[in-house]
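S.K.: With the sequence up front, the predicted model follows.
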Amino acid sequence: MAGDTDNICLNIGARTLDPEVSKYFQRPSESKGTGASKTTRVGVKSDIKRKVNPAVKKVNSALIQRSSNVKPKFGKPADESHKEKHLLSAGSNKPKKGETNSGNEIGQGPKKVSTNTYGPTSSLFRKNPEVPQVENKSIKPKNEAVFSSKFFKDVAELHPHTVKNLADVLHVTQMTQVQELTLFPLLEGKDLLVCSQTGSGKTLAYALPIVEMLQKKRPEIVRSDGVKALVVLPTRELALQTYECFVKLVKPFTRLVPGLLVGGEKRKSEKARLRKGVNILVGTPGRLLDHAMHTCCLQLSSVEWLILDEADRLLDLGYERDVASLVRTLDEQQKNSRQTILLSATLTSAVEKLAGLALKNAERIDVSDSIDHELVIPDFLCQCYTITPPKLRLAALGAFIIWKCSVETAGKMLVFMATQDMVDYHHDLFNSVINSVVKKKILFSKLHGNMTQQERFKIFNDFRQSTSGVLMCTDVAARGIDVPKVDWIIQYTAPVSPAYYVHRVGRTARAGEAGSALLFLVPSEVRFIELLQERQIRLIQENAESYLEKLLALRQDKRHRQEIGSTMESAATYLQLEFEKAVLENKELHNSASNDLPPWAAACDLLNPALITS
Ligand SMILES: Nc1ncnc2c1ncn2[C@@H]1O[C@H](COP(=O)(O)OP(=O)(O)OP(=O)(O)O)[C@@H](O)[C@H]1O
């Protein structure tokens, strides 16, 4: 990525460069007799009648002034602008016959440039790195059928109230593979190590048998009997979601009480809940351990089931010690024998080590059809990627969101980004800019680890219940979280590994439903596609230009028709300028662009270091 950011200087054309260099970025419309082109970024900027603050005006006029003082070196008559399209395809920045590569990166100084002209393109589309075409290797995707042929109503061991409740409240009737394979060993009291693809119904696979075993116990379990089942999950959202699953499952058996402990809440109120009595305690490791050590009303002596869910994530997040301490505390305190279940979407050696620590004579259930632990992608997931030059990324993402969430349909989308600051910045930027250009407003929300628990729960729940909208998030939402009816997973920054790719895309196409995923890469990240191919994951390559083209649909709105122009380039330029203006006009956005974003993100996602520091 770092290498690609060098190209950003070309995005800003004359604005940041030495005057000697800047003349090579002259907007063609200023060449005599060619007429003004609306596709030129500076040109478009000057066309937009919008209240601009004086500082912005000063910068803009200085930029225009600077660029108009020099003679154009590139450029062709405006009436040839329709021929520009071919420049957008892969390799558009290759020197053409009769010209040399100008190589105008900052610091290189002016090089000999072509006398051949490119014409009035936006600088967004000029001097971009070549978009590589990736060879499609032969791939054998790993299959894992989600559903079994069994129905809950046919399982004699389940209470009729349970079966009815499953259908009425959880809307499930047919078992998934993992649910069928785990039900009987769990009812028999075995320890289990379960590995199954994302979205295959692992939560119900353990929650259902536990509730069933609890409701069958005689004398009947009541809340004053204390904690019988302890469920450990890596994040608050996952814990909340699992707790809610238990709340639904115990509906026919109201004497059973689930509880939630996730931190971020006052200890006093948590203690009060524990004092009243909880039978199924769901929580994150740190908080559970904290109460286990320091809250006398939390007794673990009667625990009979321990569930370590999303074990690979527990380890990734550094909870190994907390989990080990919790297991030790249980071993010391508990009076009855314990059944332990460990679940994971991937079986790594670290997970196996944890299994060795917590499980006894465990049965292993791996739903996938091979033993080499390949990554499994849901059957009905359509996966695409786009290799987009850094300068075009922001506009391409904006265009895609506008297309999928406002113009075409009102879809529901998760957008993954690398850092909390990126999420904050893009959330605020898109919320203000995109919603000022679209007719059908888009609900933008954000989720990351640096938000209060109340905020996180509220946003997570609101997004789960909404039928459309965009949730921008870090990897805090990558694993385990279950949001119904997500149409698209966008990975705006590449995941850290193929396994994380699978976790992120696994937020859609859950439990046999259909979904789509799009991965943004810059040209230097193309190796990631090869890595995915090596793991038997196939993606279809798409062109960012095909997303940018969709911006032309905004022309239906008379307010923007003129500014958008009639070409993909002019429309993309329009959106990019709207982003840039928002950053210049809004102090908070400006500050977060200049102070908070990692330099590589700032460089890719607007901004133009010159604008930020101006
Ligand atoms: N038998 C079923 N029939 C239909 N839907 C089901 C069934 N079991 C579970 N589901 C639904 O499938 C979705 C995914 O379930 P769950 O979150 O348990 O998957 P998971 O395997 O734990 O996924 P991840 O590994 O991503 O955490 C949930 O919305 C759940 O309600």
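M.R.: Structure received. Numbers count the residues shown, from 1 in each chain.
S.K.: okay, now the domains of this structure?
M.R.: 18-118, 147-374, 377-596 (automatic domain parsing).
S.K.: Which of those domains comes out lowest on mean pLDDT?
M.R.: If you rank the domains of the chain by mean pLDDT, domain 18-118 sits at the bottom with a mean of 34.
S.K.: hmm, back to that, rebuild the domains of the chain as a markdown table, extending it with distance to Arg126 and mean neighbour count.
M.R.: Glycine gets a C-beta too; all of them are placed from N, C-alpha and C. Listed next are those as a markdown table, based on distance: least, C-beta to C-beta, whole Å; neighbours: other C-beta atoms under 10 Å:
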| stretch | distance to Arg126 | mean neighbour count |
| --- | --- | --- |
| domain 18-118 | 7 | 16 |
| domain 147-374 | 41 | 19 |
| domain 377-596 | 9 | 20 |
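S.K.: closest one to Val134 among those?
M.R.: domain 377-596 (4.9 Å; C-beta to C-beta).
S.K.: so what's Ile442 closest to, chain neighbours aside?
M.R.: Distance criterion C-beta to C-beta, 6 or more residues apart in numbering; nearest residue to Ile442, sequence neighbours excluded, is Cys405 at 4.7 Å.
S.K.: which stretch among the domains of the chain comes nearest Lys140?
M.R.: domain 377-596 (5.6 Å).
S.K.: That closest one near the ligand at all?
M.R.: Yes: using C-beta under 6 Å from any ligand atom, domain 377-596 reaches the ligand at 480, 482, 484, 506, 510-511.
S.K.: any idea which of those is closest to Val415?
M.R.: So of the residues of domain 377-596 next to the ligand, ranked by how close each gets to Val415 (C-beta to C-beta), first place is Gly506, at 15.6 Å.
S.K.: Looks like that closest one contacts Gln197 (just checking).
M.R.: Yes: between Gly506 and Gln197 there is a contact under C-beta atoms under 8 Å: 7.3 Å.
S.K.: Touching both of those two, which residues are there?
M.R.: Residues touching both Gly506 and Gln197 (C-beta atoms under 8 Å, 6 or more residues apart in numbering) are 345, 378.
S.K.: just the strands in the stretch 201-350 of the chain please.
M.R.: 229-232, 258-261, 280-283, 305-308, 339-344 (DSSP state E, counting those that start in this stretch).
S.K.: helix/strand/coil for the residue nearest to Ile442?
M.R.: helix (DSSP: H, G, I helix; E, B strand; the rest coil).
S.K.: Distance from stretch 208-222 to the middle of the chain?
M.R.: 38 Å (C-alpha atoms, centre = their mean, to the nearest Å).
S.K.: if we can go back for a sec, got TSV for the residues of domain 377-596 next to the ligand, with secondary structure too?
M.R.: Below are those laid out as TSV (three-state DSSP):
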residue	secondary structure
Gly480	coil
Asp482	coil
Pro484	coil
Gly506	coil
Arg510	coil
Ala511	coil
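S.K.: a markdown table please, covering those residues and showing distance to Ser570.
M.R.: Formatted as a markdown table, the residues of domain 377-596 next to the ligand follow (distance: C-beta to C-beta, whole Å):
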| residue | distance to Ser570 |
| --- | --- |
| Gly480 | 43 |
| Asp482 | 42 |
| Pro484 | 39 |
| Gly506 | 38 |
| Arg510 | 40 |
| Ala511 | 43 |
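S.K.: And those residues, which is closest to Ser566?
M.R.: Pro484 (39.7 Å).
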